[in-house]
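A.B. asks: How does the following fold in three dimensions:
(chains A, B, C and D)
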Number of protein chains: 2
Amino acid sequence: MTEKSSPTEPIHARGGSGATIADVAQAAGVSVATVSRALSGNYPVAKATRERIFRSVTDLGYVANAHARALAGATTRTVGIIINDVADPFFAYIARGVERQASAEGRMCLITATHGDKERELALVDLMREQRTDAVILVGGASDDPRYRKQMADRARALDAAGSSLVLCGRPSLGAGVPTKMVTYDNEGGAFAITDYLISQGHRRILYVGGPRDFSTTASRLAGFYRALDARGIERDPSLVHEGAFGRGFGYSRMRELLDQDMDFTAVFGANDLVAAGILEALEERGIRVPQDLSVVGYDDVPVASELRPRLTTVRVPLEELGREAVRLALSQSPHDAGASSDNTLTVGTHIVIRDSVSPPRKL
Amino acid sequence: MTEKSSPTEPIHARGGSGATIADVAQAAGVSVATVSRALSGNYPVAKATRERIFRSVTDLGYVANAHARALAGATTRTVGIIINDVADPFFAYIARGVERQASAEGRMCLITATHGDKERELALVDLMREQRTDAVILVGGASDDPRYRKQMADRARALDAAGSSLVLCGRPSLGAGVPTKMVTYDNEGGAFAITDYLISQGHRRILYVGGPRDFSTTASRLAGFYRALDARGIERDPSLVHEGAFGRGFGYSRMRELLDQDMDFTAVFGANDLVAAGILEALEERGIRVPQDLSVVGYDDVPVASELRPRLTTVRVPLEELGREAVRLALSQSPHDAGASSDNTLTVGTHIVIRDSVSPPRKL
DNA sequence: CTTGAAATAGTAAGCGTTTACTATGAGGAA
DNA sequence: TTCCTCATAGTAAACGCTTACTATTTCAAG
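C.D. replies: Modelled structure (predicted):
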């Protein structure tokens, strides 16, 4: 019953790996080259032939093997993105931008999460390199450990050598001469603006809570915070700065501790909106009214900010746009950054959005 | 100056596609087979040789080409996941579970978003098939359009034939005989429970708002809603059911309209927490107090639910666990579902979580 | 000293595409 | 009629790995 194998037909007949281009070619009575050309459409194929081929394709349910294609041909049409956590809205919105722009440019999107582990982050870059993604986008603040920076720089060079590129999204440069592209937002400026707003409302003793120590995002936000203080001639008080983490849980527990120490302050700057949400929770629990008794601000303007009561005054970061720009830049032909200045660095602005969580201090 | 090419060295020397296994082999003075074996570690290689190879690997910054590997060998070590929107917390938490479990099982995760477009969803399944992912996980409710179902069933068969599998996560079966695996949650049961809770508090006229019409999730939630009504002998009133969408914006605007029509009801069932958030916003705007004047419940128990004031009484769905299970099932060796019953269908439970948004109706 | 199993290493045949070359036929121009 | 040019289609050589076979040592047992 079984027909004699034609010479081109492979003997093994693996489980059921689906139809190959050879099957389509055979069904349509043409060579594989013709099928390939009909499908890619970059070479003339007679209309009748093409129709026959497409019919066979649908009949057999054929889809090209992306790996064979990537191996033989040009590009993988995939971009990689490395974030901390898929469910953290800060990252989720950036990821949404990346995903949308990637799909607008006909690319797929390989998403991985580091869970805040920098060793894992390095490993993930290698994984992406294995996948030969057209670009890898590294999102969010970075550790400032020198060894880590060096290792990441090596990877940036390797990606560059392979014709891919490393896009730093919302994190500082790896140093001059390291081939990367950069998309950032005005982190320091936003922190300055919102701190200054607090000061303009009469606050002098402002607590800063959250964000990992030795982390670029924390450094920038604190820099803006300090600059605003300095500009108004307010003394920096180290006892008012409490680094730690970016989660809601951290904001809640640290705020409770701080409340127990009855320190002197009239406003709290949460390192991001999630921390601010935790802070608000702790305050509510103690019956401290916001903003009447205490003012609170956050950073990022993720949806929780407007969900909270009082609605949170915060700094708006165009997250989704950031992600889109990262992809645009990644896929643009512009040569990589080889120094400090070039159009491979794009900075989007931030601005404060005033809601209901700030008022002048009570006991001024 | 340029050394004569060795016979094995390719002439072309493409841009800079990075080192290949042949480069490593040459540097270490062994054959490519030996390098491959040293790296995969599934075949004995002398210790000295292995060390020499690993040294060359680091020197050259070599990483394997995943495409060549996938083409030559067994599996791609990648799972695909198709969701509506990366930034929607319902999907984000499922995606987090998928990502975590996948990485625990040594897989990468290809994430794509449909933006609610079912044509796009079909196309994405094909894209995943091109990528030869070990499995594709389809998340969230589905349209019940028969043509769509048939097309998806075709793809399920194609994936199955290729040794991959289609996992339906939180959506109904494609019909008996279609080879899929399923992970769902007790959607109808949760809706029943929370409706019954509302009734037990004395509510009789309950408004149902949100969720697309002709969508499986909406159908299940409404089914539970109706079953609870029926069980208590409360008449179904079609004028109280308002389907539409799943977003916060829909909840807000539809609630405003409904308020203008001064209908008679004492509680509102938001089709999900986001819709409920919108509803709450509209009520707050009109000065209607929750729960004193009106009770409100949601569904899903995403973080917003506890962020809202009053804290939202809702139905807890173990989203992350759902994602993890989807991957476990996908990667398990169990044969695919070929009928209605089998251990290829896993259902996780739901339960209501009582917070502050419900009280007995005022004017009972 | 011979022999045979282990332990290592090498050879080469794919895997499913793409694409540079080559081949064939049909019209037109000369 | 002959030659040249298009329009099509086919051939076969990569692409970078894995792995079934085969080859070479080494060493202990007979």
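
A.B. asks: Check what pLDDT the nearest residue to residue A:230 once chain neighbours are set aside gets.
C.D. replies: Setting aside the residues directly before and after it, residue A:230 is nearest to residue A:236 in space (CB to CB, 6 or more residues apart in numbering or on different chains), at 7.6 Å. For every residue, glycine as well, the C-beta is placed using N, CA and C. Looking at residue A:236, its pLDDT reads 97.

A.B. asks: got it, and residue A:3?
C.D. replies: Value for residue A:3, per-residue pLDDT: 35.

A.B. asks: ok, now residue A:72?
C.D. replies: pLDDT, residue A:72: 89.

A.B. asks: repeat for residue A:363
C.D. replies: Looking at residue A:363, its pLDDT is 61.

A.B. asks: so what's the residue most central in space within chain A bridging to?
C.D. replies: Of all residues in chain A, the one closest to the mean position by CA atoms, centre = their mean is residue A:139, 3.5 Å from it. With DSSP bridges as the criterion, residue A:139 is bridged to residue A:169.

A.B. asks: Roughly how far does it sit from residue A:108?
C.D. replies: 17 Å (CB to CB, to the nearest Å).

A.B. asks: where in the stretch 51-200 of chain A is pLDDT low?
C.D. replies: Residues of the stretch 51-200 of chain A meeting the criterion pLDDT under 70: A:74.

A.B. asks: can you give me the strands for it?
C.D. replies: A:78-83, A:108-113, A:135-139, A:166-169, A:180-185 (DSSP state E, counting those that start in this stretch).

A.B. asks: for the residue nearest to residue A:230, what are its contacts?
C.D. replies: A:226, A:229, A:230 (CB atoms under 8 Å, 6 or more residues apart in numbering or on different chains).

A.B. asks: just checking, which of those residues belong to helices?
C.D. replies: A:226, A:229, A:230 (DSSP state H).

A.B. asks: Is the nearest residue to the first one once chain neighbours are set aside in a helix, a strand, or coil?
C.D. replies: Pointing back at residue A:226 there. Counting by CB to CB, 6+ apart, residue A:226 lies nearest to residue A:236, which is 6.0 Å off, once chain neighbours are set aside. Per DSSP: H, G, I helix; E, B strand; the rest coil, the secondary structure class of residue A:236 is coil.

A.B. asks: Look up phi and psi at residue A:236.
C.D. replies: For residue A:236, the backbone dihedrals are phi -80, psi 130 (criterion: degrees, to the nearest 10).

A.B. asks: Taking the stretch 201-350 of chain A, what residue is nearest to chain B?
C.D. replies: Among residues of the stretch 201-350 of chain A, the one nearest chain B by CB to the nearest CB turns out to be residue A:309. It sits 4.2 Å away.

A.B. asks: Locate the spatially closest residue to that residue that is not a sequence neighbour within the secondary structure: which element?
C.D. replies: Leaving out its chain neighbours, the residue that sits closest to residue A:309 by CB to CB, 6+ apart is residue B:309, at 4.2 Å. Assessed by DSSP states H and E, residue B:309 sits outside every helix and strand.

A.B. asks: Residue B:309 and DNA strand D: what is the separation?
C.D. replies: 56 Å (CB to the nearest atom of the strand, to the nearest Å).

A.B. asks: Check residue A:120 too.
C.D. replies: Residue A:120 is 22 Å from DNA strand D, by CB to the nearest atom of the strand.

A.B. asks: can you count the residues close to that residue?
C.D. replies: By other CB atoms under 10 Å in any protein chain shown, the residues close to residue A:120 number 16.

A.B. asks: Can you report how many residues lie near residue A:61?
C.D. replies: Residue A:61 sits with 17 neighbouring residues when counted by other CB under 10 Å.

A.B. asks: unless I'm mixing things up, it is touching residue A:19, no?
C.D. replies: Yes. Look at residue A:61 against residue A:19 with CB atoms under 8 Å: they come within range, at 6.6 Å.
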